[in-house]
Structure formats: structure tokens, C-alpha cells
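Peer 1: Quick one, fold the following:
(chains A and B)
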Amino acid sequence: MSDSSDDSVLALAVQGDQDAFGILYERYVGKIYNYVYYRTGNHHDAEDLTARVFYRAIRNIENYQDRGLPLSAWLYRIAHNLIANWHRDKSRRPEILLDEGLASYQTPEHPEATLLQNEERDRLLKLIRHLPPERQQLLILKFVEHLSNAEIGQVMGRTEGAIKSLYHRTLLSLRDELSQSISAE
Amino acid sequence: MAKAATPKRKKEVVYGEIENLLESTFEPVSPRQTYVKDLNRRLSNYPASLPEIMSPRLPRDTASVVLAVFMGTALLILGVRAMVPLIASLTSYISTRREMGVSSRE
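Peer 2: The predicted structure follows:
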């Protein structure tokens, strides 16, 4: 069953087969974790929210309706909604740092170059953190999950053209802000 | 040429550069294997393993109870208030009938 397509495993999971749900979990836990990690900026909250995503999924799987979208779109939407709630709850607290992930980058052969690269990444991540949630979502789906514009459109409930346009505007906005940030130094 | 390119680069980041930078910034991360296995185990024991904090039914149930108590109290108060004039009318009616009964006997 572990080699079966999502559709056939999903059909079993919808009927309450927990083993089938387990297979879907194994297929998607990494993707959802990545998505949540880059939206929250730390592993602790990524673990907590990823668990919530799958608990919500298992609770609602029996009501799942096939609308021609991949299962991942459904899971990303759950994650997106939970992250939105999480940000709302955390809004009174200080901003989350995105430095944690950068600590893992290692290229010991060129420490100076690594430092500069890390600075650029750090700067970019901070700028990304200030983008509207939908733009953050788009960038993560594109660069972490490597989804196509059409697939991103399915997740975000938009047309492929709208995603292309949003992506273009997001990159232009990032480019301008990054240029300003560099000039200011 | 290189000298001229440096300040230009400082002022204007090329569109393609952003994509490359994003590509290198968003390196995939992996969840801890112990976490993945533990969550899988908890999910396989669902719903027994569902932590209360993750259950949206708890606040919904609490809200329902509060609403029910509030509605019950309101209905009780309204019921009592409606009964007062009813009892008063009934008492008045009975006393009137008694008086009429007494006067007819007289």
C-alpha cells in the first residue's frame, strides 16, 4: 500500500483506515514541516504546528471532499490557517528571529564567504518576514517545495496567472527593499 | 570595469540574483526523526492521543455550556416575569368571582 498513489491511499484514509493515514503522514510530514518552519522561523513551533496540522487532518479526513486538488493543497491550507492563528496569538510577543536555520549552514572551506552569504540570507529572510502572509506562502511553496505556479495556485486558491503576477510583484518588491537595505549600509 | 560594476550592484540588485539568493536561502530542513516517529505513533492512537489543547471541541463545548446557562437563566427570569401579571390577573378574577358569589347570595 505504501507504493500506491495518493488517491487510492486517501480513499482508504477517508473510510477511517488509520494505516492509510499513516502512509499519507509519512509522505507529507517533511513538506508540511518545511513549510511551517519557514513561516514560523523556529523548529520548536514548527514541530508543534506540524503536529496540529496532522491532528486536524486526521480529525477531518472523513469529511474530505475530492475537488480535483491534490491532498497536499488541503494540508497546506490547514497549515496556512493554523499559522495565521499562531501569528495572531503571538502578535503581542516580540518578533521571531529567523537566525536559527542559518546556524546550520556550513561551508568550512571559506569562512569569510560563508559569513557574507549568511548575512545576505539573514537580511533577505528578515525582509521576507515583513512581506504579507500570502507572499511568504508563495515564496516558500516555490523555493522550498519547488511547486509550479499551477500547483501553488491550487494551494492558494488562485489562478496560475494570478500566481505569476503575485510572484513578479513579490520579487520586484524584495529587490527594491534589498537594494535599499544594501544602500543604507 | 569591475570598479564601475561594484557600486552599481550595490544600488541595484538584479532580478535574477534575488531568485538565486532565495534558492540558497530556503534550504530544505528536516524534522527530527524521533519527532516524526513519535507523532506517527500518537496519530495512530488517535483519538485517544489527542491532546486537549489541540481539540477545538473543548472551547466550543465550554461556549455551548455558557450559552445554555445564560439562555436558561434568561428564560427563567422571563418566565417569572410573565407569571407575575398572570397570577395577579387570576387572583383578581377569583376575588371578583367570590365577591359576585357573596353578593348574589345576599
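
Peer 1: Next, the buried residues of stretch A:45-60.
Peer 2: For stretch A:45-60, a neighbour-count test (16 or more other C-beta atoms under 10 Å in any protein chain shown) marks A:45-59 as buried. (Glycine included, C-beta is placed from N, CA and C.)

Peer 1: for that stretch, the distance to its chain's centre please.
Peer 2: Here stretch A:45-60 is found 14 Å from its chain centre; the criterion is C-alpha atoms, centre = their mean, to the nearest Å.

Peer 1: For that stretch, list the C-alpha coordinates in CSV.
Peer 2: Only the C-alpha atoms of stretch A:45-60 are listed here, as CSV (Å, rounded to 0.1, in the frame of the first residue of the first chain):
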residue,chain,number,x,y,z
ASP,A,45,6.9,26.0,16.8
ALA,A,46,7.4,24.1,13.6
GLU,A,47,7.0,20.8,15.4
ASP,A,48,4.0,22.0,17.4
LEU,A,49,2.2,23.3,14.4
THR,A,50,3.0,20.4,12.2
ALA,A,51,1.5,18.1,14.8
ARG,A,52,-1.6,20.3,14.9
VAL,A,53,-1.9,20.2,11.1
PHE,A,54,-1.9,16.4,11.1
TYR,A,55,-4.3,16.2,14.1
ARG,A,56,-6.7,18.5,12.3
ALA,A,57,-6.3,16.4,9.1
ILE,A,58,-7.0,13.1,10.8
ARG,A,59,-10.0,14.6,12.6
ASN,A,60,-11.4,15.9,9.3
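
Peer 1: Which of the helices or strands spans A:Asn60?
Peer 2: Per DSSP states H and E, A:Asn60 falls inside helix A:43-60.

Peer 1: For that helix, name the packing helices and strands.
Peer 2: Counting contacts by 3 or more C-beta pairs under 8 Å, 6 or more residues apart in numbering or on different chains; DSSP states H and E, helix A:43-60 is packed against helix A:18-40, helix A:71-90, helix B:33-44.

Peer 1: re the thing from before, nearest to A:Ile83, of the buried residues of stretch A:45-60?
Peer 2: Using C-beta to C-beta, A:Leu49 comes nearest to A:Ile83 of those, at 6.4 Å.

Peer 1: so how far is B:Ile18 from that closest one?
Peer 2: Relative to B:Ile18, A:Leu49 is positioned 28 Å away (criterion: C-beta to C-beta, to the nearest Å).

Peer 1: cool, and A:Ala162?
Peer 2: For A:Ala162, the distance to B:Ile18 equals 20 Å [C-beta to C-beta].

Peer 1: same question, A:Arg169
Peer 2: Separation of A:Arg169 from B:Ile18 (C-beta to C-beta) stands at 12 Å.

Peer 1: Give the residue from these two that has the larger number of neighbours.
Peer 2: More crowded of A:Arg169 and B:Ile18, by other C-beta atoms under 10 Å in any protein chain shown: B:Ile18, with 20 against 12.

Peer 1: Just the element for the more buried one, please.
Peer 2: Here B:Ile18 is assigned to helix B:15-25, by DSSP H and E.
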